[in-house]
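A.B. asks: structural data only, the sequence is not supplied:
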């Protein structure tokens, strides 16, 4: 009998018993807040006893306050099973071989109704069970390296991934896919772009904004696009493959050093900043947008540089920032600091002495711009020139997160600050570009006549 009311207690348990409804039943609830229909879910162990939880047809969960409930009717019962069984991937002679590395994240997730949280639960083999179309693209082998959310990815995982990818390339793999959480995918993409240089095959990072148990999930299509890219694309670089528009029309291939997550929940969250994407991908093929990319080769030569100094910080400047922020980093042994400065690359004067103390102690300090688009120009105003005299080095149009991973990578290889500077300012896969193209900065402002007209034509 306990299973019928799994997890519920107190007032929530009492109301379920009073209407004689069970967990996992299909119910219609009338409340003072309106009517709701869905599947009655087990209570999360961390929830209170004041709400019951429904999974709506949209895939979203909603909590309904017990005190508002007027009636509950049970219309059916079918216990949900969200576990997808693993399936051995079929081998087809002549198809490209692709290695899928699993690290966790929403593309490899399901909803855990014990806690109410999205957890890394799908193994790479289960992903094939969920997306059988992959077998029409390639011969896929899988390996789960980690099972973590992307906020828990860091230098050790970057290095492990780089080494594992290098080994697969030497074995003869035709392409690599990395399943990764979206929140820090752009950090990992840039780190791998520095650690894996001149690869002969595509290396494609992919994730999803919405978990696989939701009707609006982008997991399957993103995975299909990423696998097709790894198997067939001529672009032999570290890329991020995610939705282009918000609809299910096509994906975009973003260069690993120029990509950034720009929206917390949109499926089309990733954008190339200061440039245009490498290509468009759909189930039919590729439309190349750039031609200056590293091309696929038949050799197995690749340079793996799995280095990273963990004592590096990224500091976002804000008005009235105090010098003890910089002093604290130095006192705690940090060897490098990237500052996302205002405008062309500025901070306030009270911070100057702390910067001077830091550079005097051999701490490498680099300046980026928090505007994201545009270049650091510290020689325009006296304040910028003063900062350069105190040892801060401008990083052109490198994105802040990219500058952070590159500085960690550079300091992981040498203590010589001149060599660090040389590594930082030598462009690698367009982390620094000569200029931004005219269409590399597009931020449309809604409400304007011309923009609204454009949206009506292209946004369905």
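C.D. replies: The structure has been received and is ready for your questions. Everything numeric in this text was worked out from a predicted model, so none of it was measured.
A.B. asks: how far is stretch 433-446 from where the chain is centred?
C.D. replies: 22 Å (Cα atoms, centre = their mean, to the nearest Å).
A.B. asks: whoops, I mixed them up, stretch 145-152
C.D. replies: Centre to centre, stretch against its chain (Cα atoms, centre = their mean), the figure for stretch 145-152 is 11 Å.
A.B. asks: go on, stretch 252-266?
C.D. replies: With Cα atoms, centre = their mean as the basis, stretch 252-266 stands 8 Å off its chain's centre.
A.B. asks: same check, this time on stretch 190-198
C.D. replies: The answer for stretch 190-198 is 16 Å, by Cα atoms, centre = their mean.
A.B. asks: repeat that for stretch 344-360.
C.D. replies: Remark: stretch 344-360 is offset 32 Å from the chain centroid, using Cα atoms, centre = their mean.
A.B. asks: any idea of the mean pLDDT for it?
C.D. replies: Stretch 344-360 carries an average pLDDT of 97.
A.B. asks: buried stuff in that stretch?
C.D. replies: Using 16 or more other Cβ atoms under 10 Å as the test for burial, stretch 344-360 gives 344-347, 351-352, 354-359. Bear in mind the C-beta positions are built from the backbone N, C-alpha and C, glycine included.
A.B. asks: from those residues, pick the one nearest residue 182.
C.D. replies: The shortest approach to residue 182 among the buried residues of stretch 344-360 belongs to residue 345, at 28.6 Å (Cβ to Cβ).
A.B. asks: now do the SS call for residue 73.
C.D. replies: The three-state label given to residue 73 by DSSP: H, G, I helix; E, B strand; the rest coil is strand.
A.B. asks: what's the closest non-adjacent residue to it?
C.D. replies: Closest residue to residue 73 apart from its sequence neighbours, by Cβ to Cβ, 6 or more residues apart in numbering: residue 28 at 4.9 Å.
A.B. asks: what about that neighbour, how many residues close to it?
C.D. replies: 14 (other Cβ atoms under 10 Å).
A.B. asks: which residues does it contact?
C.D. replies: For residue 28, the contact set (Cβ atoms under 8 Å, 6 or more residues apart in numbering) comprises 35-37, 72-73, 75.
A.B. asks: need the helices for the protein, in chain order.
C.D. replies: 10-19, 124-130, 155-171, 185-195, 219-232, 324-331, 352-360, 382-389, 400-411, 417-425, 449-458 (DSSP state H).
A.B. asks: so for the third one, what gets flagged as buried?
C.D. replies: The one in question is helix 155-171. Quick answer for helix 155-171 (16+ other Cβ under 10 Å): 155, 157-159, 161-162, 164-166, 168-169.
A.B. asks: quick one: which of these is nearest to residue 137?
C.D. replies: The closest of the buried residues of helix 155-171 to residue 137 turns out to be residue 168 (Cβ to Cβ; 17.3 Å).
A.B. asks: where does pLDDT dip in the stretch 351-460 of the chain?
C.D. replies: Scanning the stretch 351-460 of the chain for pLDDT under 70 picks out 459-460.
A.B. asks: same deal with the stretch 201-350 of the chain?
C.D. replies: For the stretch 201-350 of the chain, applying pLDDT under 70 flags the ranges 211-215.
A.B. asks: which residues touch the most centrally placed residue in the chain?
C.D. replies: Most central in the chain under Cα atoms, centre = their mean is residue 182, positioned 2.1 Å from the mean C-alpha point. Shown in contact with residue 182 (Cβ under 8 Å, 6+ apart): 105-106, 150, 207-209, 242, 261, 269-270.
A.B. asks: rewinding a little: so which of the helices of the chain is nearest residue 305?
C.D. replies: Closest among those, once you apply Cβ to Cβ, is helix 185-195, at 5.2 Å.
A.B. asks: next, the angle helix 155-171 makes with the closest one.
C.D. replies: 50 degrees (axes from the mean of the first three to the mean of the last three Cα atoms, to 10 degrees).
A.B. asks: show me how far helix 185-195 is from its chain's centre.
C.D. replies: For helix 185-195, the distance to the chain centre is 11 Å (Cα atoms, centre = their mean).
A.B. asks: elements contacting that helix?
C.D. replies: Packing partners of helix 185-195 (3 or more Cβ pairs under 8 Å, 6 or more residues apart in numbering; DSSP states H and E): helix 155-171, strand 203-206, strand 238-243, strand 259-261, helix 400-411.
A.B. asks: residues making contact with the first one?
C.D. replies: Meaning helix 155-171. Contacts for helix 155-171 (Cβ under 8 Å, 6+ apart): 99, 101, 103, 143, 145-146, 148, 176, 178, 188, 191-192, 195-196, 199-201, 203, 300, 302, 304-308, 310, 405, 408, 412.
A.B. asks: return the subset of these lying in strands.
C.D. replies: 99, 101, 143, 176, 178, 196, 203, 304 (DSSP state E).
A.B. asks: if I look at the fourth one, how far off is residue 438?
C.D. replies: Translated: residue 176. 34 Å (Cβ to Cβ, to the nearest Å).
A.B. asks: can you give the domain ranges for this protein?
C.D. replies: 2-77, 97-304, 312-425 (automatic domain parsing).
A.B. asks: ok, which of these comes nearest residue 451?
C.D. replies: Closest among the domains of the chain, using Cβ to Cβ: domain 97-304, at 15.7 Å.
A.B. asks: next, the distance between the ends of the closest one.
C.D. replies: Across its full length, domain 97-304 reaches 21 Å end to end, with Cα to Cα, to the nearest Å as the criterion.
A.B. asks: going forward can the numbers begin at 8, since that is how I track them
C.D. replies: Happy to do that; since the first residue is 8 now, the last one works out to domain 104-311.
A.B. asks: surely residue 434 touches residue 413?
C.D. replies: No - contact criterion Cβ atoms under 8 Å: residue 434 and residue 413 do not qualify, at 10.5 Å.
A.B. asks: so between the two, which is more surrounded?
C.D. replies: When neighbours are counted by other Cβ under 10 Å, residue 434 and residue 413 differ, and residue 413 comes out ahead with 30 against 12.
A.B. asks: just the buried subset of the contacts of residue 189, written out for ChimeraX, thanks.
C.D. replies: Typed into ChimeraX, the line below selects the buried ones among the contacts of residue 189, using 16+ other Cβ under 10 Å:
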select :112,113,157,214,215,216,249,268,276,277
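A.B. asks: closest to residue 455 among the contacts of residue 189?
C.D. replies: For the contacts of residue 189, the nearest to residue 455 is residue 276 (23.3 Å; Cβ to Cβ).
A.B. asks: quick one: the residue lying closest to that closest one once chain neighbours are set aside from residue 189, how far?
C.D. replies: Closest residue to residue 276 apart from its sequence neighbours, by Cβ to Cβ, 6+ apart: residue 270 at 4.4 Å. Taking Cβ to Cβ as the criterion, residue 270 is separated from residue 189 by 10 Å.
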